[in-house]
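>>> my questions concern the predicted model and sequence given below.
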Number of protein chains: 2
Amino acid sequence: MGRWQPNARERLAEAALELYGERGYEQTTVAEIAKRAGLTERTFFRHYADKREVLFGGAGELEDLFVRAVTGASADAAPIEAVAAGLDAVSEVFADRRAFARARHAVITANAELKERELIKLASLSTALAGTLRGRGVPEPAASLAAEAGVAVFRVGFERWLAAPGDRDLTGLVREALTEFRAVAAGG
Amino acid sequence: MGRWQPNARERLAEAALELYGERGYEQTTVAEIAKRAGLTERTFFRHYADKREVLFGGAGELEDLFVRAVTGASADAAPIEAVAAGLDAVSEVFADRRAFARARHAVITANAELKERELIKLASLSTALAGTLRGRGVPEPAASLAAEAGVAVFRVGFERWLAAPGDRDLTGLVREALTEFRAVAAGG
DNA sequence: AAGGTCCATGACAGTCACTGACATCAAGAG
DNA sequence: CTCTTGATGTCAGTGACTGTCATGGACCTT
């Protein structure tokens, strides 16, 4: 047995999501989160840079996954097709986490500061994707535009998945969003 | 002569942009901004909700302008064409403000918190555009996707304009970005 | 086993963004 | 001339976040 309970970081993230859900983000103090996790406020800030970041621990892994899938797409795939491969990979990860995704999404959409943080994570993802596409030989601004398109398509598909009843498949909804997107861009 | 100097709000915005540029956003306190504007910290917060918002006073007008142009596009224009009309209208506004736009953009890109605020303003613009498109009879998710596309295209064109030497025309750069975008979506 | 180092955490004081409550005083209304 | 209005000042308070030093179990060395 260690001197402290294990998984301090995860306990903090859990406590934060619960409290943000129960009372709202602004009505929750960091001291309360730390207390529920059996830690102190100071320790919270050693694990998370600020009060928002505690909800975004997985953003880095998601970005890596998306980038790897795009990198791994066949060399002759068009930019939008490489992005589509990334969309499939990312969609799979969420398949069995809809309850968690819904709780987290509800908390985030209820607060402007949290929305800001989510947007900058998506922007970071977009930047990483654009870089990956350039690495595949896609010139600018096509790389940036394809990356932005991919993120927009994922977001639309993801939100429809969260709103959908029962057993709709995220991968399918994201693919539908991509198809719609291409029709719109074509002038449909 | 009033009891106070006029244009307190504008003086605060000017002082803030100067100080953020000179020392950086984080190294500037609200008390310093207020002092340079000849006011107190408390008065700063009566004009701007927070330390970031002072750089985004014009966001509302820009959104209105964009929305009005899309609303005014010919009734049989495709969604992406209506958005293009909005892009033209917004581009015009910036034509003679490149120096200011550059200073502001440099400050914003130098700081993550300011980037977050910029992103949420663009997201708000996107949401407003999507609503306007739905008002024109465009169904979801086409409306949201066309709106996101419009904002992405503007941002790419805008950044190229800021980076470009001399006398490049913003309207032209944004139109080029739109053309490239449509090619990418088509699978080019 | 004794001693030494490591490192996650605690304790505590401090800065600054932001808010609520109340006071002030020129300008305009009547 | 008086009254009301509204932008500003003053002041006290909360909470996010940081720097610094102390603590003590785990692990390593001998």
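Structure's in. What do you need?

>>> could you find the closest non-adjacent residue to the residue positioned nearest the centre of chain A?
Central residue of chain A (CA atoms, centre = their mean): A:Ala59, 5.4 Å from the mean position. In space, and not counting its chain neighbours, A:Ala59 is closest to A:Lys121: 4.5 Å by CB to CB, 6 or more residues apart in numbering or on different chains. The C-beta positions use only the backbone N, C-alpha and C, and glycine is treated the same way.

>>> ok, now A:Tyr48?
A:Val54 (4.5 Å).

>>> pretty sure that neighbour is touching A:Ile33, no?
Yes: assessed by CB atoms under 8 Å, A:Val54 is found in contact with A:Ile33 at 7.3 Å.

>>> overlap of the contact sets of those two?
A:Leu12, A:Ala16, A:Phe44 (CB atoms under 8 Å, 6 or more residues apart in numbering or on different chains).

>>> in chain A, where is pLDDT below threshold?
For chain A, residues meeting the criterion pLDDT under 70 lie at A:1.

>>> about what we covered before: which one of A:Val54 and A:Ile33 has more residues nearby?
More crowded of A:Val54 and A:Ile33, by other CB atoms under 10 Å in any protein chain shown: A:Ile33, with 25 against 21.

>>> measure the more buried one to A:Glu14 for me?
10 Å (CB to CB, to the nearest Å).

>>> A:Ala99 too?
Relative to A:Glu14, A:Ala99 is positioned 14 Å away (CB to CB).

>>> compare these two (neighbour count), which wins?
Neighbour comparison, A:Ala99 and A:Glu14: the larger count goes to A:Glu14, with 15 against 8 (by other CB under 10 Å).

>>> surely the more buried one and A:Ala37 touch.
Yes: assessed by CB under 8 Å, A:Glu14 is found in contact with A:Ala37 at 7.5 Å.

>>> residues making contact with the longest helix along chain A?
Ranked by number of residues, the top helix in chain A under DSSP state H is helix A:112-135. Under the criterion CB under 8 Å, 6+ apart, residues A:25, A:52-53, A:55-56, A:59, A:62-63, A:66-67, A:70-71, A:79, A:82-83, A:86, A:107-109, A:140, A:142-144, A:146-148, A:150-151, A:155, B:112, B:115-117, B:119-120, B:123 lie in contact with helix A:112-135.

>>> for the helix or strand following that helix, packing partners?
Going down the chain from helix A:112-135, the next helix or strand is helix A:142-163, by DSSP states H and E. Counting contacts by 3 or more CB pairs under 8 Å, 6 or more residues apart in numbering or on different chains; DSSP states H and E, helix A:142-163 packs against helix A:79-94, helix A:98-109, helix A:112-135, helix A:170-185, helix B:142-163, helix B:170-185.

>>> can you list those in a markdown table and add distance to DNA strand C?
Converted to a markdown table, these look like this (distance: least, CB to the nearest atom of the strand, whole Å):
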| stretch | distance to DNA strand C |
| --- | --- |
| helix A:79-94 | 27 |
| helix A:98-109 | 19 |
| helix A:112-135 | 9 |
| helix A:170-185 | 34 |
| helix B:142-163 | 25 |
| helix B:170-185 | 31 |
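
>>> out of the ones you listed, nearest to DNA strand D?
helix A:112-135 (8.9 Å; CB to the nearest atom of the strand).
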